[in-house]
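Enquirer: just need the structure, nothing else, for what follows:
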Amino acid sequence: MSSDRPTRLLALAREIAAANAEFQRVKGPGAGDHATGAFMQELRDRAGRAFGADYSERKICGETSFAVDFYFPEEETIVEVALGLPNPGSEFEKDILKAVIAQDSGFRVRKLFFISRAGAAKKCSQPGRTLAREWALAKHQLVVEVHELGGEPRRRRRSRSRAGSA
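Expert: Below you'll find the predicted structure:
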């Protein structure tokens, strides 16, 4: 049972996202933060019921104040719910660093399992993020996987300054 908890967590996250017709809508600062907070709370609640224990918000990164969204010790897996991965600026590299720090702090971590919005896999296949994934595997034996919640990728609007110069 335990070996499939990250996959089961992904299924729970997909259920929550699919049940919310407004999930993919860009809400902006404030409203977007509240929506993300509500999504994460629902996911933590459902995960706690499904797994019979709380694996969320684990501080496994040594003396830092960093916490990972979920840590499943039996699977040696960190799960980060990183809804912003499709964006140009995300915490992708920081989350890899958190996993490496957790390893260095004595926690067994062999996999970093991202859960994100549609478009994340494509964004994470770009050269910079691909290099970060390859480095994590080669230097730290850390497998980085990117899983999407489903749906259509959000369409990014170009800023007026960039749209006029293109």
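Enquirer: which residues touch Glu42?
Expert: Shown in contact with Glu42 (CB atoms under 8 Å, 6 or more residues apart in numbering): Ile16. Bear in mind the C-beta positions are built from the backbone N, C-alpha and C, glycine included.
Enquirer: name the SS class of it, please.
Expert: helix (DSSP: H, G, I helix; E, B strand; the rest coil).
Enquirer: repeat for Glu57
Expert: strand.
Enquirer: and the helices in this structure?
Expert: Here the chain has its helices, by DSSP state H, at 5-18, 31-51, 92-104, 120-123, 127-140, 160-165.
Enquirer: let's have these in JSON lines, adding mean pLDDT.
Expert: Output for the helices of the chain, formatted as JSON lines (pLDDT from 0 to 100):
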{"stretch": "helix 5-18", "mean pLDDT": "96"}
{"stretch": "helix 31-51", "mean pLDDT": "91"}
{"stretch": "helix 92-104", "mean pLDDT": "96"}
{"stretch": "helix 120-123", "mean pLDDT": "93"}
{"stretch": "helix 127-140", "mean pLDDT": "97"}
{"stretch": "helix 160-165", "mean pLDDT": "51"}
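Enquirer: tell me which of those lies nearest to Phe66.
Expert: Among these, the nearest to Phe66 by CB to CB is helix 92-104 (5.0 Å).
Enquirer: elements contacting that closest one?
Expert: Here helix 92-104 touches strand 68-72, strand 77-81, strand 111-116, helix 127-140, going by 3 or more CB pairs under 8 Å, 6 or more residues apart in numbering; DSSP states H and E.
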